[in-house]
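Q: Take this sequence and fold it.
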Amino acid sequence: MHEITYEKALDFFGRSIDAMVVADPNADSYKSLVRRGIFQELIEDNGNYKDLVQKLWFHFNGSDKEITEEYQVFIPNLGKFVGKYSKRLKIVMNGTTHFVQMMIEPVDDTEQYLILLDELNEKESEEDVETKQKVNTIQNIYLFSMCIDLVRDTTSSLSLTEVSEETMNSQISYTAWRQTIVNMIWKNDQELFLERSDPEYLRTHFEPGHIESFDCQMQNLEGFFIWVKLIFSRMDTTNENDYRFVYMVQNIHDTTVEMKAALKHYEELASRDSLTKIFNHGRIETEICNAIEQCHKNGTNASLLIIDIDYFKKVNDSHGHTAGDATLVKFAGIIREILSKRNASFGRWGGEEFTAVIYGLKNEELRAVAEEIRCTVENTDFGEIGKITCSVGGTELMEDDVFESWFNRADKAVYTSKENGRNLVTIE
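A: Predicted coordinates for the structure are as follows:
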């Protein structure tokens, strides 16, 4: 065996290591002592320490793409170390992935670090990939996790799955973290987040082992808002005054979007008349009530129309219910087309009677819309059954109206149109 002295070992180490950097976080600066291989391109002779942290391990895992600026606020805290630190890095340059072993040694009696970087050879890289693939993939659904100690107001064991599979160093206080992360929450959800993450709320609402979660929209590392589940779990310890928690952010975006689409689909099915595909009785009744509520709350102007097909029973008796159904569908389509130019809701009240809520019209404007409906129906060829007419009644919403008074006034108006010979418009 060759005799290896300390001097020879030190010389060999200096010649074999790929990069050696001295960093000063307080001055936000670094100086390279050695740069070989990929590090000749990746890092400079001198530069900003924050930029170095970003390049080495605070980008998207398996990509050279930077995370959104809002999350970079954590970089200064994640670049501070107490004691020695070792980490396996995955760095992408020019489309090629490089695996790097990083060691950080705090320099005695200073607040500086010695950072040693060495690229792994091909065999070591393959072994690293195989090891990572064996890790339970359930971790990938959790974008963010950490431990919280409310008594000490600290966070620890921070993990950002999209940045690294490994736990990251963190020295940020829980109070500071909470005030920073709220800016990543969708504005409409910020109040809920601040309430549920408040230290006093966590103390008073969580027994040891208790778990709570809530859904909200949160900005991801790319800067897009996605649906997430925020989970707080109090650790089950023997000390009842030990307020330590595990906090996790679960990505539920795809599932939530699919669920919302399904709910919207079933909401539409529950709201639509099966024949004409316009709003059914229940939904148009709701729209009438909504208009009354908006009027009382905001002074919003609204009007109500009731449209009834004249002598529709004769259509069914003479031509059959199939022709009658086709007539109802075409009739509804005519009115829907006319009202599509307006801020209006339109539905089938029942049988051959239809109802529309129209916003922003005074009585004379309402009469013009009603006449357009009446004339269009009168001049339309309904195929097998030929021509039909309709009677229309309408009224503007009054300040003291409730559902019954408003609807009954419109109903009385359409009855007046029928009494006076049908194929008429009456506005009360």
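Q: low-scoring stretches of the stretch 1-150 of the chain, by residue?
A: Counting by pLDDT under 70, the stretch 1-150 of the chain contains low-confidence residues at 1-2, 59-64, 67, 69-79, 82, 122-142.
Q: Going along the chain, name the helices of it.
A: 6-16, 39-42, 49-57, 75-78, 122-133 (DSSP state H, counting those that start in this stretch).
Q: what helices or strands is the second one leaning on?
A: Helices and strands touching helix 39-42, as assessed by 3 or more C-beta pairs under 8 Å, 6 or more residues apart in numbering; DSSP states H and E, comprise strand 85-93. C-beta here means a position set from N, CA and C on the backbone, and glycine is covered the same way.
Q: which other helices and strands contact the strand it packs on?
A: Strand 85-93 packs on helix 39-42, helix 49-57, strand 96-106, going by 3+ C-beta pairs under 8 Å, 6+ apart.
Q: Out of the ones you listed, flag the one nearest residue 375.
A: helix 49-57 (68.6 Å; C-beta to C-beta).
Q: just the angle between the closest one and strand 85-93, please?
A: 80 degrees (axes from the mean of the first three to the mean of the last three C-alpha atoms, to 10 degrees).
Q: Helix 49-57 relative to strand 96-106, how many degrees between them?
A: Using the same axes, to 10 degrees: helix 49-57 against strand 96-106 is 130 degrees.
Q: Please convert the helices and strands packed on strand 85-93 to a markdown table, extending it with distance to residue 16 and mean neighbour count.
A: Formatted as a markdown table, the helices and strands packed on strand 85-93 follow (distance: least, C-beta to C-beta, whole Å; neighbours: other C-beta atoms under 10 Å):
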| stretch | distance to residue 16 | mean neighbour count |
| --- | --- | --- |
| helix 39-42 | 13 | 16 |
| helix 49-57 | 20 | 20 |
| strand 96-106 | 12 | 16 |
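Q: Figure out which of the ones you listed is closest to residue 229.
A: helix 49-57 (26.4 Å).
Q: For the closest residue in space to residue 282 that isn't next to it in sequence, grab the count of nearby residues.
A: For residue 282, ignoring the flanking residues on the chain, the nearest one in space by C-beta to C-beta, 6 or more residues apart in numbering is residue 271 at 7.5 Å. Residues lying near residue 271 (other C-beta atoms under 10 Å) number 16.
Q: these two touch, right, residue 271 and residue 284?
A: No - checked against C-beta atoms under 8 Å, the pair residue 271 and residue 284 is beyond contact range at 9.0 Å.
Q: is it true that residue 354 touches residue 332?
A: Yes - using C-beta under 8 Å, residue 354 is in contact with residue 332, at 6.7 Å.
Q: what about these two, which has more around it?
A: Counted by other C-beta under 10 Å, residue 354 and residue 332 do not tie: residue 354 has more neighbours, with 28 against 20.
Q: Would you map out the domains in this structure?
A: 6-134, 138-255, 272-427 (automatic domain parsing).
Q: can I get those in CSV with distance to residue 261?
A: Below are the domains of the chain laid out as CSV (distance: least, C-beta to C-beta, whole Å):
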stretch, distance to residue 261
domain 6-134, 26
domain 138-255, 11
domain 272-427, 16
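Q: Now do stretch 8-25: everything it contacts.
A: 29-39, 43, 49, 52, 76, 79-80, 100, 107, 111-119 (C-beta atoms under 8 Å, 6 or more residues apart in numbering).
Q: out of the domains of the chain, nearest to residue 263?
A: domain 138-255 (12.3 Å).
Q: Show me which of the contacts of stretch 8-25 are buried.
A: Neighbour counting with 16 or more other C-beta atoms under 10 Å marks 29-30, 32, 35, 38-39, 43, 49, 52, 76, 79-80, 100, 112-113, 115-119 as buried within the contacts of stretch 8-25.
Q: How far does stretch 9-23 stretch from one end to the other?
A: One end of stretch 9-23 sits 24 Å from the other (C-alpha to C-alpha, to the nearest Å).
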